[in-house]
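S.K.: requesting a structural model of the entry that follows:
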Amino acid sequence: MIYYSKPQFHNPWFLTLLLMIFWTGTLLPKLSAPALAQETNNSKTPKLTLELRNQIETEKNSAKFIYRTSKAQWDPARTAIIICDMWDQHWCKGATQRVAELAPHINDFVTIARQKGIFIIHAPSDTVSYYKNHPARKLAQAAPKADNLPPHINQWCSWINDAEKATYPIDQTDGGCDCMPKCPQHSPWRKQIASINISDQDAISASGTEIWNLMEQRKIENVILVGVHTNMCVLGRPFGLRNMARYGKNVVLVRDLTDTMHNSRMSPFVSHFTGTDLIIDHIEKYICPTISSTALTSQSAFRFKNDKRSKVVFISAESEYGAAETLPQLARQLQLKYKLACEVLQGSTNTQGKDRNNIPGMETLVDADLVVLFARRRALPARQMQYLKDYLARSKPLIALRTSSHAFALRGELPEELPEGLPEGQPEGLLQWKNFDTEVLGCNYNGYPHGETLVSIIPDAADHPILKGLKGPYQIRETMYHSLPLTPSCRPLLTGKCIDGSDDNPRYKKTDAHVPDEPVAWTNIYHNSRIFYTSLGSVRASFQQKWFQQMMINAIFWAMDKPVPEIETNTALH
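M.R.: Have a look, this model is predicted:
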């Protein structure tokens, strides 16, 4: 039998030993639970793979931007989602309705995120006191003061720099209500909308200081913003995009889980939803990248039910003819002048590397009304290629430019390695579509002759809607393609004649005296899909011509079976 005598409990070293056992075995795990949980997540939780989209200026002060998509691998334990101002009621009735529609999708997004180990912060400004007894509120208040607390973290940030201020795209000085009549401004919000669940393990705070303390306590480096309103609170709040970006966090906006306060009767006089698109463009250029909710949900991106705009998806994946520059410019023109919704999917412009064979975002083709393709010699992961094939199988229209005749036909052997960071469950292997030219476009691509091209309208096609406003002939500094023979379902619209260039550039000097004329633009039908293809499209030649820009606008509306708009005096791309 073992027993302890009274003198042992009075022995100082014995008491010290008991206290050490008690402290390390009981209290310490409770006090450092976030840190220990974090270490557990680091070892067991897979990284988040995100496709970050931003826009970079082609040359300083050029005001011309191209899309860039980059991969990021984020540790969930070092990542937080901030839900901004998703109130139960807004002074604008339209805003209240859109929040109610958006909220379930945000809830689905954060539910998945929470399961992955991402920390959720609910930030319903002006209403935090409603949650004074909630464990999530107490958790936020209990975070210790961070050693690196930024000096202005508790203040609104109006602009991140002068360049952002100078290029802000919409006028929101009236408050942004798009209702008729306009709603009177007041403060009816009391709490966060109930359809977004708050877990006891989440945090509730609208204080920049508290949120920063929380993130530093948990060593959070990555921040994801969802909620409203993009052009106001999501950007400017103390915990908003501008402050997170300027104080060094890796911050992104979920571009389909947000909404603006934009009045379509204010500059630039576009629809409410186009106003949101313009703000997202602005954020990608001057503040931070964006992602789609698809990154976590694997579902189609959210879209408001009242967004009735036709959706045009541009696929850019080539490195020779400037598609990365021209397609975004065309998309912006369609947004501003023609009330279309546009999305640009930008593949790599590198001439080598695994990322060449990856076009992020192909899932957006699920609800696209038109695809505009400008790609050259890519093989795609099976799932990405299937999105395109399924789109065309649904009898949806396609416009293809220049190198798209050999968009999915590689030279040499098919790479064995897949691009990095593909979604979970991605089928193995890359796919080509070598007969895309003959099967879909109705042509037979076979190289090109040297020389410039004289473009003329085929007389029998002069009344075609795609040629509205065109006269010709037009001489352009661009080689034509050998495309014959065309399939019987094709209707040629423009023909090209190879001519001698005006200088000594060997590419544009005619080397063969007997080059036959070739069609350079035609229509086709594939699975009842309207197809328009042109072998032209260089940023240095075709896209510099107003007639070509007009033809593209005409083709877009023809492909969607819509009336071709009236000819505008200024069709220049900006």
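S.K.: list the buried residues in stretch 342-351.
M.R.: 342-349 (16 or more other Cβ atoms under 10 Å). Quick note: C-beta positions are derived from backbone N, CA and C, even for glycine.
S.K.: mind picking the two most distant members of those?
M.R.: Across these, no pair lies farther apart than 342 and 348, at 20.7 Å, counting by Cβ to Cβ.
S.K.: show me the buried residues of stretch 342-351 that map onto strands.
M.R.: Among those, the members found in strands (DSSP state E) are 342-346.
S.K.: nearest to residue 321, of the residues you listed?
M.R.: The closest of those, once distances to residue 321 are taken by Cβ to Cβ, is residue 346, at 14.3 Å.
S.K.: dihedrals phi and psi, the residue nearest to that closest one when sequence neighbours are not counted?
M.R.: Once flanking residues are discounted, residue 346 sits nearest to residue 67: 3.8 Å by Cβ to Cβ, 6 or more residues apart in numbering. The phi/psi pair for residue 67 (degrees, to the nearest 10) reads phi -80, psi 150.
S.K.: what sits against residue 67?
M.R.: 53-55, 284, 316, 324, 328, 344, 346 (Cβ atoms under 8 Å, 6 or more residues apart in numbering).
S.K.: and what of residue 336?
M.R.: Contacts of residue 336 (Cβ under 8 Å, 6+ apart): 268, 270, 274.
S.K.: in TSV: those, plus distance to residue 305, neighbour count and secondary structure.
M.R.: Converted to TSV, the contacts of residue 336 look like this (distance: Cβ to Cβ, whole Å; neighbours: other Cβ atoms under 10 Å; DSSP: H, G, I helix; E, B strand; the rest coil):
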residue	distance to residue 305	neighbour count	secondary structure
268	24	14	coil
270	19	20	coil
274	16	25	helix
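S.K.: could these go into a markdown table alongside pLDDT?
M.R.: Shown next, in a markdown table, are the contacts of residue 336 (pLDDT from 0 to 100):
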| residue | pLDDT |
| --- | --- |
| 268 | 96 |
| 270 | 96 |
| 274 | 97 |
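S.K.: which of the three states applies to residue 410?
M.R.: coil (DSSP: H, G, I helix; E, B strand; the rest coil).
S.K.: isn't it right up against residue 377?
M.R.: Yes. Assessed by Cβ atoms under 8 Å, residue 410 is found in contact with residue 377 at 5.5 Å.
S.K.: residues of stretch 287-306 that come out buried?
M.R.: Neighbour-count burial for stretch 287-306 [16+ other Cβ under 10 Å]: 287-297, 301-302.
S.K.: sitting in strands, which of the contacts of residue 67 do you find?
M.R.: 53-55, 316, 344, 346.
S.K.: can you tell me what sits against the strand or helix carrying residue 111?
M.R.: Residue 111 is part of helix 93-115 when elements are defined by DSSP states H and E. With Cβ under 8 Å, 6+ apart as the test, helix 93-115 has contacts from 76, 81, 83, 86-87, 89-90, 118, 120, 177-179, 183, 193, 195-197, 199, 201-202, 224, 226-229, 254, 257-259, 261, 272, 293, 296-297, 302, 304-305.
S.K.: and for stretch 55-66?
M.R.: 67-68, 167, 281, 284-285, 324-325, 328-329, 346, 574.
S.K.: whichever of the residues you listed end up buried, select them in ChimeraX.
M.R.: Buried members of the contacts of stretch 55-66, defined by 16+ other Cβ under 10 Å, are picked up in ChimeraX with:
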select :67,68,281,284,285,324,325,328,329,346
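S.K.: so residue 432 touches residue 412, yeah?
M.R.: No. With contact defined as Cβ under 8 Å, residue 432 does not reach residue 412; the gap is 11.3 Å.
S.K.: for residue 272, what are phi and psi?
M.R.: phi -50, psi -40.
S.K.: shouldn't residue 552 be within a helix?
M.R.: Yes. Judged by three-state DSSP, residue 552 forms part of a helix.
S.K.: who touches it in this structure?
M.R.: 330, 399.
S.K.: show me what contacts residue 531?
M.R.: By Cβ under 8 Å, 6+ apart, the neighbours of residue 531 are 397-400, 440-442, 523-525, 559.
S.K.: give me the buried subset of the residues you listed.
M.R.: 397-400, 440-442, 523-524, 559.
S.K.: in strands, which of these appear?
M.R.: 398-400, 523-524.
S.K.: what is the neighbour count of the nearest residue to residue 446 once chain neighbours are set aside?
M.R.: Distances taken as Cβ to Cβ, 6+ apart place residue 482 nearest to residue 446, at 4.3 Å, with adjacent residues excluded. When neighbours are counted by other Cβ atoms under 10 Å, residue 482 registers 15.
S.K.: got a list of what residue 482 touches?
M.R.: Contacts of residue 482 by Cβ under 8 Å, 6+ apart are 445-449, 518.
S.K.: now stretch 307-324: average pLDDT?
M.R.: Model confidence over stretch 307-324, given as mean pLDDT, is 96.
S.K.: buried sites along it?
M.R.: Buried, per 16+ other Cβ under 10 Å, within stretch 307-324: 309-319, 321-324.
S.K.: tell me the phi and psi of the residue nearest to residue 175 when sequence neighbours are not counted?
M.R.: In this structure, residue 175 finds its nearest non-sequential neighbour in residue 185, 5.8 Å apart by Cβ to Cβ, 6+ apart. Reported as degrees, to the nearest 10, the phi and psi values for residue 185 are phi -80, psi 130.
S.K.: now do residue 438
M.R.: Dihedral angles for residue 438 - degrees, to the nearest 10 - are phi -80, psi -40.
S.K.: would you mind measuring from it to residue 259?
M.R.: Per Cβ to Cβ, to the nearest Å, residue 438 is found 45 Å from residue 259.
S.K.: repeat that for residue 245.
M.R.: Taking Cβ to Cβ, one finds residue 245 at 20 Å from residue 259.
S.K.: neighbour count winner among these two?
M.R.: Neighbours were counted for residue 245 and for residue 259 using other Cβ under 10 Å; residue 259 has more, 24 against 21.
S.K.: which pLDDT value goes with the more buried one?
M.R.: 98.
S.K.: for residue 355, same thing?
M.R.: 82.
S.K.: same question for residue 45.
M.R.: 72.
S.K.: what number of residues lie near it?
M.R.: 15.
S.K.: residues in contact with it?
M.R.: By Cβ under 8 Å, 6+ apart, the neighbours of residue 45 are 75-77, 116-117.
S.K.: where does the prediction get shaky in this protein?
M.R.: 1-44, 416-428, 502-507, 510-511, 513, 568-574 (pLDDT under 70).
S.K.: can you classify the closest residue in space to residue 473 that isn't next to it in sequence by secondary structure?
M.R.: Excluding its sequence neighbours, the residue lying closest to residue 473 (Cβ to Cβ, 6+ apart) is residue 456, at 4.4 Å. Per three-state DSSP, the local secondary structure of residue 456 is strand.
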